[in-house]
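Trainee: Below is the structure, and that's it, no one-letter string:
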């Protein structure tokens, strides 16, 4: 076991995973379980506005543009490959704990997006900026923790948000198209560079176009698979609950503790609620009240985990390809593709081959913005912006040609070092955040 892996595991399991759940419980209890009992309120504030005529927003992103930028990073390869890996390592029971993590994380996401807008400041060159570093500095009055969050964010963007995502794109296109991985990496870097030079506005516009397309393609195909295998759904759901709650699972020898660990971790990684990164995208939104953006934080978790990841999990469980034994041959994206293909034939596998690079490229765009924001906070301006962009784009190419498997240990460690100060701030600022939520709720109800 490497030093990075030892440090990462000592932080994540069980202490940090427990802290994520505790934070979600604090915000859920404090709000009267707003995500459940006031579901019509946040649905009206999010889904209910999607088809209204949108006015041009000056001096910041629109709430929907901020959501699309955040979803661009959260709906990454983890939604396809990560869920499959969680099933392989933790068994079907991991899905129940993924749901629990997400249901609590809806309010964590609400709190951090609310605070990101409440403590937002003008951005250099125009617009707005916000995120954990600002509510750590200005709300918690902890500038050292704010700097530590930003320092951990930069390598996380280069590793997990860049190198690993680029490798997934190369994996998807290299063999089927007979194109070298280096050429694919170069094309990916050029496309990402064209978007990055336009700043957060262009990233938001591209994300607003990409996210609906890839979500509809993936979810529509997943729904078709589930309809074709609807008779197998009750058994899949039974497996999820029995394997999560039994000390020793009925299939495959999975344990309840493995299901808990893998499920909570997957929930955290797929929606980023409590990690703090997606709050930076929402912190650029111009809105009438901080809690209005908090509603989009709830919606983001519901879409990325409760919908997209659930579709992936159920498709795998009903597809007849997954083998209920730890160490089964197929895992990750290959297992997801085979499960789609079992129901839809070559078209199903093609859906995953197309969706995976779309999810990965959108993640590259979202994480590039997070890295720039962290660097801007540390330096107080944009003087290192161009060097960072160049390094980021070089890493896009390197990710296509290098073996990036070992980088997950660095990503896990950086994520832990971001989550610790962010969750600390969320817990200590919970009274303020919940008061703002209550004020907004009285105004709209």
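Mentor: Thanks, I have it. This one's a predicted model, so the numbers in the text were calculated from it and none came from an experiment. Residues are numbered from 1 along each chain as shown.

Trainee: can you count the residues close to residue 36?
Mentor: Counted with other CB atoms under 10 Å, residues neighbouring residue 36 total 12. All C-beta atoms are positioned from the backbone trio N, CA, C, and that covers glycine.

Trainee: quick one: it and residue 427, what's the gap?
Mentor: Separation of residue 36 from residue 427 (CB to CB, to the nearest Å): 21 Å.

Trainee: Repeat that for residue 173.
Mentor: With CB to CB as the criterion, residue 173 and residue 427 are 43 Å apart.

Trainee: Same drill for those two, tell me which one is more crowded.
Mentor: Shown here are residue 173 and residue 427; by other CB under 10 Å, residue 173 has more neighbours (21 against 15).

Trainee: In this model residue 357 seems to touch that one, though I could be wrong.
Mentor: Yes. Counting by CB atoms under 8 Å, residue 357 is a contact partner of residue 173 at 6.5 Å.

Trainee: Poorly predicted segments of the protein, please.
Mentor: Scanning the chain with the threshold set as pLDDT under 70 gives 1, 51-60, 247-253, 325-329, 404-406.

Trainee: and after the longest helix out of those in it, which helix or strand comes next?
Mentor: When the chain is scanned for its longest helix (criterion: DSSP state H), the result is helix 346-379. Using DSSP states H and E, the helix or strand that follows helix 346-379 towards the C-terminus is helix 385-401.

Trainee: what sits against residue 24?
Mentor: With contact taken as CB atoms under 8 Å, 6 or more residues apart in numbering, residue 24 is in contact with 101, 103, 104, 105, 106, 107, 108, 273, 274.

Trainee: For the nearest residue to it once chain neighbours are set aside, give me its contacts.
Mentor: In this structure, residue 24 finds its nearest non-sequential neighbour in residue 104, 2.7 Å apart by CB to CB, 6 or more residues apart in numbering. By CB under 8 Å, 6+ apart, residue 104 lies in contact with 20, 21, 23, 24, 25, 27, 28.

Trainee: Can you select the buried ones from those in PyMOL?
Mentor: The following PyMOL command selects only the buried members of these, with burial defined by 16 or more other CB atoms under 10 Å:
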select buried, resi 20+21+23+24+27+28
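
Trainee: Centre of the chain to the longest helix of the chain, how far?
Mentor: Centroid displacement of helix 346-379 relative to its chain, using CA atoms, centre = their mean, to the nearest Å, is 10 Å.

Trainee: buried residues in it?
Mentor: 348-378.

Trainee: could you list every residue that touches residue 118?
Mentor: Taking CB under 8 Å, 6+ apart, we find residue 118 in contact with 135, 139, 290, 432, 433, 436.

Trainee: ok, now residue 370?
Mentor: Residue 370 sits next to 73, 153, 157, 161, 277, 280, 281 when contact means CB under 8 Å, 6+ apart.

Trainee: same thing with residue 168?
Mentor: Contacts of residue 168 (CB under 8 Å, 6+ apart): 77, 81, 333, 356, 357, 360.

Trainee: what about 7 Å?
Mentor: The neighbours of residue 168, taking CB atoms under 7 Å, 6 or more residues apart in numbering as the test, are 77, 356, 357, 360.

Trainee: There's contact between residue 289 and residue 440 in this structure, I believe.
Mentor: Yes. With contact defined as CB atoms under 7 Å, residue 289 reaches residue 440; the gap is 5.1 Å.

Trainee: So those two - more neighbours on which side?
Mentor: Neighbours were counted for residue 289 and for residue 440 using other CB under 10 Å; residue 440 has more, 20 against 17.

Trainee: quick one: contacts for that one?
Mentor: 289, 291, 292.

Trainee: I'd like those residues written out as TSV, with distance to residue 209 and secondary structure added.
Mentor: TSV is the format used below for these (distance: CB to CB, whole Å; DSSP: H, G, I helix; E, B strand; the rest coil):
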residue	distance to residue 209	secondary structure
289	28	coil
291	28	helix
292	23	helix
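
Trainee: Redo these as JSON lines? Include distance to residue 128.
Mentor: Below are the contacts of residue 440 laid out as JSON lines (distance: CB to CB, whole Å):
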{"residue": "289", "distance to residue 128": "14"}
{"residue": "291", "distance to residue 128": "17"}
{"residue": "292", "distance to residue 128": "14"}
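
Trainee: In which helix or strand does the nearest residue to residue 330 once chain neighbours are set aside reside?
Mentor: Computed as CB to CB, 6+ apart, the closest residue to residue 330 that is not its neighbour in sequence is residue 338, at 5.9 Å. Using DSSP H and E, residue 338 maps to helix 332-344.

Trainee: if we can go back for a sec, mind picking the two most distant members of the contacts of residue 168?
Mentor: Using CB to CB, the two most remote members of those are 77 and 357, lying 9.1 Å apart.

Trainee: Name the nearest residue to residue 269, sequence neighbours excluded.
Mentor: residue 78 (5.2 Å).

Trainee: burial count for that neighbour?
Mentor: Counted with other CB under 10 Å, the neighbours of residue 78 add up to 27.

Trainee: what separates it from residue 153, distance-wise?
Mentor: 18 Å.

Trainee: Same check on residue 321?
Mentor: Counting by CB to CB, the gap from residue 321 to residue 153 is 37 Å.
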